[in-house]
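K.L.:
Sequence first, predicted model second:
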Amino acid sequence: MQQKPNQFIKLRQEKLEKIKALGIDPYPVESSRSHFISALMENKEALLASETSVTIVGRLVAMRRQGKLGFGNLEDASGKIQLYVAQNLLGEENYELFKLCDPGDFIQANGSVFYTQAGEFSLKCTAIKLLSKNIRPLPAVKEKMVDGKTVRYDEFSDIELRYRKRYLDLLLNPDHRKVFELRSRIITAIRRFMDNLGYVEVETPILQPLYGGANARPFITHHNTLDMDLYLRIATELYLKRLIVGGFERVYELGKDFRNEGMDRTHNPEFTMIEFYEAYSDLRGMMDIAESLIKHLAKDVIGKEIFHYHGHEVNLGGTWRRAAMTDLVNEYTGIKVDNSSQEDLEAFCKAKQIEIPKGSGKGKLIALLFEHFVEPKLVQPTFVCDFPKEISPLAKAKPGNPLLADRFELFIAGGEFANAFSELNDPMDQRERLEAQAALRALGDEEANVVDEDFLEALEYGMPPMGGQGIGIDRLVMLLTENDSIKEVILFPQMKNS
RNA sequence: GCAUCUUUAGCUCAGCUGGUAGAGCAACUGACUCUUAAUCAGUGGGUCCGGGGUUCGAAUCCCCGAAGAUGUACCA
């Protein structure tokens, strides 16, 4: 038989025609199910004793036909069971249909459970119905139990294909499906945790006339009817603060932010973040929430405290260190930051070949030293406090030290997991800080904040003292599911056209 | 952005210093009423990522390009 490049599809389409010739609709509307497959597997003896007749549905994932008898494995979202299909039980016509079925087809099977001679718990089929015909063969992945462990053969493992054809990855690699089930449970648990603290979940605009709340380059789009450019949000901060002005006391938003920047194993251009703001709280309150939330997710959702991540062993269970940025810089570089002049720090950076952006003050230099010499070393959870105010335009100054912000970032395994401040609510101070950012922007810093007049006006009407925090969900899921690439925890990661 | 590596059948891969492209699984045909990585017999299937070059001859060597991975830079 001559076979062309799309040989597989052609052959299956021929089968499809044969099925139609039997008067069977290969894509019927109706299906029914009396039991999930897991319900059969969990109640074997009772179903066996009662000889209950059941109807199950799912995808046929393997077939072993031998003349007038055959076996198949049927899989639904809950589990997998072997089908025993014999001509003398189905009748000739129905068995003819079975012979035209392929792995990948969706079918409905009626029958009752029993043990085969080989001792496998199976469904003895009395009828099968085709629910959806597969016309493109699935990549063949076979598995076998060896000493109680599942050994897999010819795994669908090409990383690029797994990301581009995620549906195949999910279908063929149950471990990867599990990661996304866990992601869902983690997000549900986060929402429940915040709800229990009395927070209200809100939704603010993704399309924004001005962007703010973080230092990042935005995606720009255009609204035709309004004939105006809009930005995809880089953060939810400024809108959530407006809600606190509006009388809400505890709000959170869990959703996507978009940043038009580099991509690597911890950055995807669209990513998921939770931000929350609590009136009459402050940095200390935010620290307590971060620690108790993440410990709760580890212990109660995942069920452990030790995680392997980016080559490190991280213990989320212990007491989390709290340290000032300047002390950490001193600890790892030996520099006494408080006693150093801006010139001293610039000289040190130059000696270490660290590029200094235009307009950098002493605070920025301290932050640069921190990033280069401290950040990668912070393996166990560490709250880094006392950020320079200069690089924290939306944070209140630390009481008693006008050069520092009342801010922390949480670092785990050398990466940032949370960022929180006692939020700045002095409208005059906020205006000055945003104008300082605008000056940096004029010097070429494309990631500096822009001045948002409406936000400033909202502050002028009065905003209570409060704590606010952002936690990157993707990285948290990476840590908790022990995946080193963000693409492993995002269902459809950004890829170039191939 | 830069560096290194990868790209061969539907999937997973082999293919040595250049000599007519291979395996397993999947697919197709046939046999088979207790298989389960079913088995047995047979068959078909390739833009060797794309383009150019060197050579009598290129999957293999060289150049350009694409995609992906890793590292690095940027992302305070």
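P.N.:
Perfect, thanks for sending it.
K.L.:
rest of the way, CA atoms for contacts and neighbours
P.N.:
Will do.
K.L.:
Give me the distance between A:Asn215 and A:Val450.
P.N.:
From A:Asn215 across to A:Val450, the span is 9 Å (Cα to Cα, to the nearest Å).
K.L.:
hang on, I meant A:Val202
P.N.:
24 Å.
K.L.:
which residues does A:Tyr115 form a beta bridge with?
P.N.:
A:Tyr115 forms beta bridges with A:Phe121, as assigned by DSSP bridges.
K.L.:
what's the neighbour count on it?
P.N.:
14 (other Cα atoms under 10 Å).
K.L.:
And A:Val202 and A:Val450? Which one has more around it.
P.N.:
With neighbours defined as other Cα under 10 Å, A:Val202 and A:Val450 compare such that A:Val450 has more, 21 against 12.
K.L.:
check which helix or strand covers that one.
P.N.:
Using DSSP states H and E, A:Val450 sits within no helix or strand.
K.L.:
tell me the strands in the stretch 301-450 of chain A, going along the chain?
P.N.:
Counting by DSSP state E, counting those that start in this stretch, one finds strands in the stretch 301-450 of chain A at the ranges A:306-309, A:312-315, A:321-324, A:382-388, A:397-398, A:401-412, A:415-422.
K.L.:
Select, out of these, the one closest to A:Gln437.
P.N.:
Closest to A:Gln437 of the strands of the stretch 301-450 of chain A is strand A:382-388 (Cα to Cα; 14.3 Å).
K.L.:
Return the angle between stretch directions for that closest one and strand A:401-412.
P.N.:
For strand A:382-388 against strand A:401-412, the angle by axes from the mean of the first three to the mean of the last three Cα atoms, to 10 degrees is 150 degrees.
K.L.:
Who are the packing partners of strand A:382-388?
P.N.:
Applying 3 or more Cα pairs under 8 Å, 6 or more residues apart in numbering; DSSP states H and E, one finds that strand A:382-388 makes contact with strand A:321-324, helix A:325-333, helix A:362-369, strand A:401-412.
K.L.:
Out of the ones you listed, which is closest to A:Val314?
P.N.:
Among the helices and strands packed on strand A:382-388, the nearest to A:Val314 by Cα to Cα is strand A:401-412 (7.6 Å).
K.L.:
Alpha carbons only: can I get that closest one in PDB?
P.N.:
Provided in PDB are the C-alpha atoms of strand A:401-412 (Å, rounded to 0.1, in the frame of the first residue of the first chain):
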ATOM      1  CA  ASN A 401      15.600  56.400  59.100                       C
ATOM      2  CA  PRO A 402      14.600  58.500  56.100                       C
ATOM      3  CA  LEU A 403      17.100  56.700  53.800                       C
ATOM      4  CA  LEU A 404      15.400  53.300  54.200                       C
ATOM      5  CA  ALA A 405      12.000  52.000  53.200                       C
ATOM      6  CA  ASP A 406       9.700  50.000  55.400                       C
ATOM      7  CA  ARG A 407       9.900  47.100  52.900                       C
ATOM      8  CA  PHE A 408      11.000  43.500  52.700                       C
ATOM      9  CA  GLU A 409      11.500  41.000  50.000                       C
ATOM     10  CA  LEU A 410      11.400  37.300  50.700                       C
ATOM     11  CA  PHE A 411      14.200  35.200  49.200                       C
ATOM     12  CA  ILE A 412      14.300  31.500  48.800                       C
END
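K.L.:
Pull the distance from it to the chain's centre.
P.N.:
Relative to its chain's centre, strand A:401-412 lies at 27 Å (Cα atoms, centre = their mean, to the nearest Å).
K.L.:
List the neighbouring strands of it plus their orientation.
P.N.:
Strand pairing for strand A:401-412, using DSSP bridges, gives strand A:382-388 (antiparallel), strand A:397-398 (antiparallel), strand A:415-422 (antiparallel).
K.L.:
Please identify the buried residues of that strand?
P.N.:
Neighbour-count burial for strand A:401-412 flags A:404-412 (criterion: 16 or more other Cα atoms under 10 Å).
K.L.:
cool, stretch A:290-298 as well?
P.N.:
By 16+ other Cα under 10 Å, the buried positions in stretch A:290-298 come out as A:290-291, A:294-298.
K.L.:
rewinding a little: how about the strands of the stretch 301-450 of chain A in TSV, adding distance to A:Leu171 and mean pLDDT?
P.N.:
What follows is those, written out as TSV (distance: least, Cα to Cα, whole Å; pLDDT from 0 to 100):
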stretch	distance to A:Leu171	mean pLDDT
strand A:306-309	26	94
strand A:312-315	30	94
strand A:321-324	42	95
strand A:382-388	38	95
strand A:397-398	52	94
strand A:401-412	32	95
strand A:415-422	31	95
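K.L.:
Out of those, which is closest to A:Cys349?
P.N.:
A:Cys349 lies closest, by Cα to Cα, to one member of the strands of the stretch 301-450 of chain A: strand A:382-388, at 16.9 Å.
K.L.:
Now that we have the strands paired with strand A:401-412, can you turn them into CSV and tack on distance to RNA strand B and mean neighbour count?
P.N.:
Listed next are those as CSV, based on distance: least, Cα to the nearest atom of the strand, whole Å; neighbours: other Cα atoms under 10 Å:
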stretch, distance to RNA strand B, mean neighbour count
strand A:382-388, 8, 24
strand A:397-398, 13, 22
strand A:415-422, 8, 24
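K.L.:
mind checking which of the ones you listed is nearest A:Met273?
P.N.:
Between A:Met273 and these, the tightest spacing by Cα to Cα is seen for strand A:415-422, at 9.7 Å.
K.L.:
how far out from the middle of the chain is the closest one?
P.N.:
A distance of 18 Å separates the centroid of the chain from that of strand A:415-422, by Cα atoms, centre = their mean.
K.L.:
Over to stretch A:155-163?
P.N.:
On the basis of Cα atoms, centre = their mean, stretch A:155-163 is displaced by 19 Å from the centre of the chain it belongs to.
K.L.:
mean confidence for it?
P.N.:
Average pLDDT, stretch A:155-163: 91.
K.L.:
Quick check, the residue in the stretch 201-350 of chain A closest to RNA strand B?
P.N.:
A:Asn215 (3.8 Å; Cα to the nearest atom of the strand).
K.L.:
okay, now A:Ser32: neighbour count?
P.N.:
Look at A:Ser32: counted by other Cα under 10 Å, it has 11 neighbours.
K.L.:
what's the distance between A:Glu453 and RNA strand B?
P.N.:
Applying Cα to the nearest atom of the strand, to the nearest Å, the value for A:Glu453 to RNA strand B is 19 Å.
K.L.:
wait, A:Leu16 sits on A:Pro26?
P.N.:
Yes: between A:Leu16 and A:Pro26 there is a contact at 7.2 Å, judged by Cα atoms under 8 Å.
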